[in-house]
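Chemist: predicted model and sequence below, questions to follow.
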Amino acid sequence: MEKKQRRGFGGFSDIRRNGTSYLLVLPAMVYTFIFGYMTYPYMIIAFQRFNYTKGIFHSEWVGLKNFEFFFRSNKAFTITFNTIFLNLLFIAFGTLMALVISLVLNELRKKLFVKISQSVMLFPNFISWIVISYVLYAFFSMDMGIVNKILNQFGISSINWYTEAKVWPAILTMMHVWKGAGMSAVIYLATITGIDETLYEAAEIDGANRWQMCLRITIPLMMPTVIILTLLSIGKIMYGDFGMIYALIGDNGTLYSTTDIIDTYVFRSLRQIGDPSEAMAVGMFQSVVGFILVFGTNAITRKYFKDGALY
């Protein structure tokens, strides 16, 4: 009897019982299948001289020649370094700021102030990078920029920020954190609300203050979530934020030495060459390196902090 019941409860039975839930997730599944799994066969064009009329199965096979487009470039090392370096800055400072915001909001007792603060911090996430580029120009333009006007008040001459490549990693990090930290803080706040209140009550009975409870209870219990989100971010470390970089930097060649990333480099190259095989080759390179980084980081995490590992 038990065996019959077990056989009767399968995938189709679960769909019948939870039809609404499956219906809600169906668009995401279809999107992932079409733009994810159905694109796998097209990875072969990274090793072909792709011809639109012949298709992926009849185009000329060229081996690893498409990878030479990127690796033989004299800018290959610079743009790879910029991509990794900028993403490391984004991950480090973005995670730190999101943690600070979530911890501070959790300690506040004025609910109205907390709600207003959350709304204000979430607002930048919904602003287009194009709009932000104009805001940034208002701050850093040579003649009318707010920053230069402040410097002039202290007797310092104006600086042409859009020719100073060395300061732009800091500017880009600041803008990335300002735009995204509020949304990340919501995830950490949700983690904090899931912590058992009896832990805080027991700590309070033992004489712990709010700082000690934060240090000994809240932060340690948040670490699995922090590590998992960090691992997911590391998986995309070879993919730069193209929308941000291109909107804020554009085709300003004087800033390429510190801001040019793989995505913007490929975009500019393909805009002139228009070869999809070379684009796929670079995309495959980004994916392979991302996979290695996630796998390696997860292995290290599993060894020293098992609760934070993805698998």
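Modeler: Alright, I've got the coordinates.
Chemist: residue contacts, Leu151?
Modeler: Residues in contact with Leu151 (Cβ atoms under 8 Å, 6 or more residues apart in numbering) are 157-159. In short, each C-beta sits where N, CA and C put it, glycine included.
Chemist: sticking with it, tell me its helix or strand.
Modeler: helix 146-153 (DSSP states H and E).
Chemist: so for that helix, what's the average pLDDT?
Modeler: Helix 146-153 comes out with an average pLDDT of 91.
Chemist: list the buried residues in that helix.
Modeler: Buried residues in helix 146-153, counting neighbours by 16 or more other Cβ atoms under 10 Å, are found at Asn148.
Chemist: and that helix, how far out from the chain middle?
Modeler: 33 Å (Cα atoms, centre = their mean, to the nearest Å).
Chemist: can you name the element that comes right after it?
Modeler: helix 168-193.
Chemist: Thr39 and Asn66, how far apart?
Modeler: For Thr39, the distance to Asn66 (Cβ to Cβ, to the nearest Å) stands at 17 Å.
Chemist: and for Gly250?
Modeler: Going from Gly250 to Asn66 by Cβ to Cβ gives 27 Å.
Chemist: got it, and Glu164?
Modeler: Distance of Glu164 to Asn66, given as Cβ to Cβ: 36 Å.
Chemist: higher neighbour count, the two?
Modeler: Each of Glu164 and Asn66 has its neighbours counted (other Cβ atoms under 10 Å); Asn66 has more, 23 against 14.
Chemist: chain neighbours aside, what residue packs nearest to that one?
Modeler: Distances taken as Cβ to Cβ, 6 or more residues apart in numbering put Ala281 closest to Asn66, at 3.9 Å, once the chain neighbours are dropped.
Chemist: swap in Ile249?
Modeler: Excluding the flanking residues, the one nearest Ile249 by Cβ to Cβ, 6+ apart is Thr259, at 5.0 Å.
Chemist: quick one: contacts for that neighbour?
Modeler: 82, 86, 165, 168-169, 172, 245, 249.
Chemist: give me that answer again for 10 Å
Modeler: Contacts for Thr259 (Cβ atoms under 10 Å, 6 or more residues apart in numbering) come out as 79, 82, 86, 165, 168-169, 171-172, 240, 245-246, 248-249, 252.
Chemist: pull out the buried members of those.
Modeler: Buried among the contacts of Thr259 (16+ other Cβ under 10 Å): 79, 82, 86, 165, 168, 171-172, 240, 245-246, 248-249.
Chemist: what's the closest non-adjacent residue to Ser102?
Modeler: Tyr188 (3.7 Å).
Chemist: swap that for Pro169, please
Modeler: In space, Pro169 comes closest to Thr258 once its chain neighbours are excluded; the distance is 5.5 Å by Cβ to Cβ, 6+ apart.
Chemist: what's the following helix or strand after whichever strand or helix holds that neighbour?
Modeler: Of the helices and strands defined by DSSP H and E, Thr258 is found in helix 256-259. Later in the chain than helix 256-259, the nearest helix or strand by DSSP H and E is helix 262-273.
Chemist: check the average confidence over that next one, would you?
Modeler: Taken as a whole, helix 262-273 has a mean pLDDT of 80.
Chemist: which strands and helices lie in contact with that helix?
Modeler: Judged by 3 or more Cβ pairs under 10 Å, 6 or more residues apart in numbering; DSSP states H and E, helix 262-273 is in contact with helix 65-71, helix 76-107, helix 242-248, helix 256-259, helix 276-304.
Chemist: the ones you listed: which one's closest to Ile219?
Modeler: Of all these, helix 76-107 sits nearest to Ile219, with 7.7 Å by Cβ to Cβ.
Chemist: ok so, going back, so what's the residue nearest to Asn66 up against?
Modeler: Applying Cβ under 10 Å, 6+ apart, the residues near Ala281 are 43, 45-47, 64-71, 266, 275.
Chemist: from those, which is closest to Lys306?
Modeler: Met43 (33.5 Å).
Chemist: who's in contact with that closest one?
Modeler: Per Cβ under 10 Å, 6+ apart, neighbours of Met43: 56, 280-281, 283-284, 287.
Chemist: could you measure from it over to Phe81?
Modeler: According to Cβ to Cβ, Met43 stands 26 Å off from Phe81.
Chemist: over to Arg268?
Modeler: As judged by Cβ to Cβ, Arg268 and Phe81 stand 18 Å apart.
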